[in-house]
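Colleague: give me a 3D structure for the following:
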Amino acid sequence: MADDGEEAPEENRKRRTHTFPIVRHTDMPKPMKTEAIAFCMAAFEKFANNNEHAAKMVKEAMDKKFGAAWHVVIGESFGFGVTHETKNLLYMFFGGNLAVCLWKFC
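Modeller: Alright, predicted model coming up:
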């Protein structure tokens, strides 16, 4: 730190979190992707502190809209490898490091 009372640039920075979805990977058609993101955003708003309930809400909405066998994982710091139907995978981030993996099983 400088002696003249100025703070170092590292100390003055604040942690930034985004409040919009960032799609990392998807092979969904655009209308399906748009609805899936909307379902995820609604679940995040309704269950901000409970990822399990948010995942259940997204799964039920996707099952109702696009047929059964959808799977959802919501959380931080996870890896995955899944078998999925073509054009039925979405991997996105929201609010910093909260990730969503949404896929339809073959």
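Colleague: which residues sit in contact with the closest residue to Phe66 other than its chain neighbours?
Modeller: The shortest distance from Phe66 to any residue other than its chain neighbours is 6.7 Å, reached at Met32 (CB to CB, 6 or more residues apart in numbering). Where C-beta positions appear, they are placed from N, C-alpha and C, glycine not excepted. The contact partners of Met32, by CB atoms under 8 Å, 6 or more residues apart in numbering, come to Phe66, Lys87, Asn88.
Colleague: tell me how far Met32 lies from Ser77.
Modeller: If you measure Met32 against Ser77 using CB to CB, to the nearest Å, the figure is 27 Å.
Colleague: in the helix or strand harbouring Val58, what counts as buried?
Modeller: Assigned by DSSP states H and E, Val58 belongs to helix 51-66. Buried positions in helix 51-66, judged by neighbour count with 16 or more other CB atoms under 10 Å: Asn51, Ala54, Ala55, Met57, Val58, Lys59, Ala61, Met62.
Colleague: Gly96: which of those is nearest?
Modeller: Proximity of the buried residues of helix 51-66 to Gly96 (CB to CB) peaks at Asn51, which lies at 13.6 Å.
Colleague: beyond the lowest-mean-pLDDT helix or strand in the chain, next helix or strand please.
Modeller: Every helix and strand in the chain was compared by mean pLDDT, DSSP states H and E; the lowest is helix 9-12, with a mean of 53. Moving toward the C-terminus from helix 9-12, the next helix or strand (DSSP H and E) is strand 22-26.
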